[in-house]
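1. Build the 3D model from these lines:
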Amino acid sequence: MSLELFAIIALIFHLLGLLSAITAIMESRTPQGAVAWVLALIMIPYVALPVYWIFGRNKFHGFVNLLRVKHALSSEASKEYFQKLRDNDLLVSPERDASLPIEKIAKLPFTSGNNVELLVDGKDTFDSIFEGIARAKKYVLVQFYIVKADGLGNELKDRLIAKGREGVEVCFLYDEIGSIGLPDEYLEELRSAGVKAFKFNTTKGRANRFQLNFRNHRKIVVVDGLEAWVGGHNVGDEYLGQAAGLDDWRDTHIRIAGPAAQSIQVSFYEDWHWASDELLELNWSPSAATSGKNISALALPSGPEDSFETCTLFFMKCIQSAKDRLWIVSPYFVPDEQFITALHLAVLRGVDVRILIPRKTDNLLVTLTHWAYVEKMQEIGAKVYWYDKGFLHQKVVLIDDDYATIGTANFDNRSFRLNFEITVVVASEGFNREVAGMLENDFSHSALVTEKEVKEQSSFIRLFVRVAQLTAPIQ
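-> Residues are numbered from 1 along each chain as shown. From the prediction side, this is the model:
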């Protein structure tokens, strides 16, 4: 390479670095983040520029929040949906202090008349999902972050193909990064049976071609707009405890029948439109579940397309609302300073703050980073437990006797700001007692982290922990 050509390339890199630095100043979430990116982009643009284009953005440009914002206010279908919620007395008047802010954050209401079933681990979850698919008369909506063409993945495919051949409309949506190993043959088999299959496609559009940092992390199944499933499970044999080295996979899902199922359907509707440019004709006539239960529930979709940090605001509200008990279960516990401060205040209020995380994760970087936050939790007086019976992957929060949340969001920056997630909030003392019993069983298979355990780490390990912590914003 001639010196002249090298100089031209260097100049281009520095100009692009300067332009990207201006973008970082305008768009970075924090001043500290803006300073870090600006210095790197100006001083070492050859390294920083591609990293910034892939990992530096925290807003998903171009995604139209169709039903939850635009259609929820203007479309005839959604107007009818909300009117029928009112007419059928399925809207819940805010009785708790936290209800109204949560509804405003979600842009969707608490609804009554729901039946919510707690599904513990993979067999119960997928037995319930497959039974629901078998009941489908009009349509099945399926969305997962990870889909594998293994035993469980092929069983799902066969069931969807069977429904497609019955004339039931089947829509299958997957994240192209999470499901990067899904073979083309799998998708071709689905499509040949009439199943509509699309990747979410975060890189769609000229302005989005480099935004590989965003993921659609949602796991949703909806049948006929009458029942829906949400939780931590993806589609793979490991979620049934059948993968080598992961025999005890601990996860939680829920099944909802009733009007909240259509709130979950809202999330799929808008994701599908982004991926396929198609507006689905779905059931928007809510009715109470036939089981006779009358549980209040709300679906909270969140993602980097939101005007505000929906997921952050929601979980901050959960922490602030706790008066007696706050139990947080997450496989990836990497909170930033605002969450640490909020948890500290909860401890000072006398709240029983417990954090349950796996001793070993499926990610060495996260395992190391956990140690940094375990130490911080000990400093503020929160109790941290290592889950020892296999790998814990559930995402559950229990607030007093008032609310339980089950969904797809981890307690980390990626879920709070970079991923498309969905969380279901259940306001039912009976259901919360069931969740508490489930978690108490999990705590019985866990060990309280001691101060001695933290302080006995070698200097070598502590160095690796601190280095891993630096990557927390993109884990």
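2. use CA for all of it now, contacts and neighbours both
-> Fine.
3. What is the neighbour count of the closest residue to Gly132 other than its chain neighbours?
-> Nearest non-adjacent residue to Gly132, counting by CA to CA, 6 or more residues apart in numbering: Val223, 6.7 Å away. When neighbours are counted by other CA atoms under 10 Å, Val223 registers 26.
4. does Val223 really touch Phe130, like I thought?
-> No. Contact criterion CA atoms under 8 Å: Val223 and Phe130 do not qualify, at 10.6 Å.
5. Overlap in contacts, these two.
-> Counting by CA atoms under 8 Å, 6 or more residues apart in numbering, no residue touches both Val223 and Phe130.
6. can you map out the helices along the stretch 301-450 of the chain?
-> 310-321, 337-348, 364-380, 413, 429-444 (DSSP state H, counting those that start in this stretch).
7. so can I have JSON lines of the ones you listed showing mean neighbour count?
-> What follows is the helices of the stretch 301-450 of the chain, written out as JSON lines (neighbours: other CA atoms under 10 Å):
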{"stretch": "helix 310-321", "mean neighbour count": "20"}
{"stretch": "helix 337-348", "mean neighbour count": "17"}
{"stretch": "helix 364-380", "mean neighbour count": "18"}
{"stretch": "helix 413", "mean neighbour count": "21"}
{"stretch": "helix 429-444", "mean neighbour count": "16"}
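8. Switch those helices over to a markdown table; also include mean pLDDT and distance to Leu18.
-> Output for these, formatted as a markdown table (pLDDT from 0 to 100; distance: least, CA to CA, whole Å):
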| stretch | mean pLDDT | distance to Leu18 |
| --- | --- | --- |
| helix 310-321 | 94 | 30 |
| helix 337-348 | 95 | 29 |
| helix 364-380 | 82 | 31 |
| helix 413 | 86 | 26 |
| helix 429-444 | 96 | 50 |
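9. For Ala288, which of the ones you listed is the nearest?
-> Using CA to CA as the measure, helix 429-444 is the one of these that comes nearest Ala288, at 17.3 Å.
10. looking at it, Val38 is touching Leu19, isn't it?
-> No. Counting by CA under 8 Å, Val38 sits too far from Leu19 to count as a contact (9.9 Å).
11. which one of these two has more residues nearby?
-> Between Val38 and Leu19, Val38 has the larger neighbour count (other CA under 10 Å), namely 23 against 14.
12. pLDDT averaged over the helix or strand that contains Phe13, what's the number?
-> Element membership for Phe13 (DSSP states H and E) is helix 3-27. Averaged over helix 3-27, pLDDT sits at 73.
13. Where does pLDDT dip in the chain?
-> Across the chain, the ranges flagged by pLDDT under 70 are 1, 5-7, 27-33, 35-36, 53-79, 94-98, 203-212, 243-247, 292, 458-475.
14. Including distance to Thr111, could the helices of the stretch 301-450 of the chain go into CSV?
-> Formatted as CSV, these follow (distance: least, CA to CA, whole Å):
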stretch, distance to Thr111
helix 310-321, 18
helix 337-348, 28
helix 364-380, 35
helix 413, 29
helix 429-444, 15
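15. for the ones you listed, which one sits closest to Asn234?
-> helix 364-380 (19.3 Å).
16. Now do that closest one and helix 337-348, the angle between them.
-> For helix 364-380 against helix 337-348, the angle by axes from the mean of the first three to the mean of the last three CA atoms, to 10 degrees is 40 degrees.
17. And helix 364-380, what does it pack against?
-> strand 333-334, helix 337-348, strand 383-387, helix 451-455, helix 459-470 (3 or more CA pairs under 8 Å, 6 or more residues apart in numbering; DSSP states H and E).
18. Contact partners for Asp150?
-> Neighbouring residues of Asp150 by CA under 8 Å, 6+ apart: Gly236, Asp237.
19. Numbering from 54 from now on, please.
-> With 54 as the first residue, the last one maps to Asp203.
20. Relative to Tyr292, how far out is it?
-> 11 Å (CA to CA, to the nearest Å).
21. What of Leu501?
-> 26 Å.
22. Quick check: bridge partners of Phe473?
-> Asn269 (DSSP bridges).
23. More neighbours: Leu501 and Tyr292, which one.
-> Comparing Leu501 with Tyr292 by other CA under 10 Å, the one with more neighbours is Tyr292, at 24 against 15.
24. can I assume the more buried one sits in a strand?
-> No. Going by DSSP: H, G, I helix; E, B strand; the rest coil, the assignment for Tyr292 is helix, not a strand.
25. The residue nearest to it when sequence neighbours are not counted sits in which helix or strand?
-> Using CA to CA, 6+ apart and skipping residues adjacent in sequence, the residue nearest Tyr292 is Gly175, 5.4 Å away. Take DSSP H and E as the rule and Gly175 turns out to sit in helix 174-188.
26. Any idea what Tyr456 is bridged to?
-> As for beta bridges, Tyr456 partners with Ile452 under DSSP bridges.
27. Now for it: which residues touch it?
-> Here Tyr456 is in contact with Val478, Val479, Ala480, Ser481, Glu482, Asn485 (criterion: CA under 8 Å, 6+ apart).
28. coming back round to it: so what secondary structure elements neighbour the helix holding Gly175?
-> helix 204-218, strand 273-276, strand 302-303, strand 305-310.
29. Need the CA coordinates for that helix. PDB is fine.
-> The C-alpha coordinates for helix 174-188 follow below in PDB (Å, rounded to 0.1, in the frame of the first residue of the first chain):
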ATOM      1  CA  ASP A 174     -39.500 -26.000  33.900                       C
ATOM      2  CA  GLY A 175     -39.500 -27.200  30.300                       C
ATOM      3  CA  LYS A 176     -41.700 -30.300  30.300                       C
ATOM      4  CA  ASP A 177     -44.700 -28.500  31.900                       C
ATOM      5  CA  THR A 178     -44.200 -25.500  29.700                       C
ATOM      6  CA  PHE A 179     -44.000 -27.200  26.300                       C
ATOM      7  CA  ASP A 180     -46.700 -29.700  27.200                       C
ATOM      8  CA  SER A 181     -49.000 -26.700  27.800                       C
ATOM      9  CA  ILE A 182     -47.900 -24.900  24.700                       C
ATOM     10  CA  PHE A 183     -48.400 -28.000  22.400                       C
ATOM     11  CA  GLU A 184     -51.800 -28.600  24.000                       C
ATOM     12  CA  GLY A 185     -52.700 -25.000  23.200                       C
ATOM     13  CA  ILE A 186     -51.500 -25.300  19.600                       C
ATOM     14  CA  ALA A 187     -53.600 -28.400  19.200                       C
ATOM     15  CA  ARG A 188     -56.700 -26.400  20.400                       C
END
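30. what's next to that helix, contact-wise?
-> Counting by CA under 8 Å, 6+ apart, 172, 193, 209, 212-213, 216, 274, 276, 280, 282, 286, 292-294, 302-308 sit against helix 174-188.
31. What subset of those residues is buried?
-> The neighbour-count test (16 or more other CA atoms under 10 Å) marks 172, 193, 209, 213, 216, 274, 276, 280, 282, 286, 292-294, 302-308 as buried among the contacts of helix 174-188.
32. ok, Leu94 touching Ala74?
-> Yes. Under the criterion of CA under 8 Å, Leu94 makes contact with Ala74 at 5.9 Å.
33. Of those two, which one has the most company?
-> The neighbour comparison of Leu94 against Ala74 (other CA under 10 Å) goes to Leu94, with 28 against 25.
34. Is it correct that that one falls within a strand?
-> No. Counting by three-state DSSP, Leu94 is not found in a strand; it is helix.
35. For the residue lying closest to it once chain neighbours are set aside, which residues are in contact?
-> If the residues on either side of it in the chain are set aside, Leu94 comes closest to Gly70, at 4.8 Å by CA to CA, 6+ apart. With contact taken as CA under 8 Å, 6+ apart, Gly70 is in contact with Leu94, Ile95, Pro98, Ala101, Leu102.
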